[in-house]
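Undergrad: test case, fold it:
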Amino acid sequence: MLPIIASVCLVTFPVSSSFSNSCDSKCGARCSKAGSRDRCLKYCGICCGKCNCVPSGTYGNKDECPCYRDMKNSKGQPKCP
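TA: Numbers count the residues shown, from 1 in each chain. Model (predicted):
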């Protein structure tokens, strides 16, 4: 039974880490010129995780990803950088 659980874990975790790496690299590019880079990376990561996309470039181009564009914070302002 233990070998089955171990093989399930080995199959499951690389998929999630590769998705995370995809968001990390896309958000790294998106936030490369941000004034507060840590904050930009945090919110970009949240948005990428929910939307599975990040607009190209460091600013604008949000029409490439409507989910990313339409996410709002509690004050009704854009959530995603």
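Undergrad: need the CA coordinates for stretch 71-81. CSV is fine.
TA: Presented in CSV, the C-alpha positions along stretch 71-81 are these (Å, rounded to 0.1, in the frame of the first residue of the first chain):
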residue,chain,number,x,y,z
MET,A,71,-10.4,40.6,-10.9
LYS,A,72,-11.1,43.4,-8.4
ASN,A,73,-10.1,43.9,-4.8
SER,A,74,-12.6,44.7,-2.0
LYS,A,75,-12.6,48.4,-2.9
GLY,A,76,-13.5,47.6,-6.6
GLN,A,77,-10.1,48.5,-7.9
PRO,A,78,-8.0,46.2,-10.2
LYS,A,79,-6.4,43.4,-8.1
CYS,A,80,-3.9,42.2,-10.6
PRO,A,81,-0.8,44.2,-11.6
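Undergrad: centre-most residue in this structure?
TA: Computing the C-alpha centroid of the chain and ranking residues by Cα atoms, centre = their mean puts C48 first, at 2.6 Å.
Undergrad: quick check: buried residues in stretch 69-81?
TA: The neighbour-count check on stretch 69-81 (16 or more other Cβ atoms under 10 Å) flags M71, K79, C80, P81 as buried. Every residue, glycine included, has its C-beta placed from N, CA and C.
Undergrad: what sits up against that stretch?
TA: Residues from elsewhere that reach stretch 69-81, judged by Cβ atoms under 8 Å, 6 or more residues apart in numbering: 30-31, 34, 40, 43-44, 46-47, 50-51, 55, 62-63, 68.
Undergrad: ok, now stretch 47-61?
TA: By Cβ under 8 Å, 6+ apart, stretch 47-61 touches 22-23, 26-27, 29-34, 44, 62-65, 67-69, 71, 79-81.
Undergrad: I'd like to know which of those are buried.
TA: 23, 26-27, 30-31, 34, 44, 62, 65, 68, 71, 79-81.
Undergrad: many thanks, have a good one.
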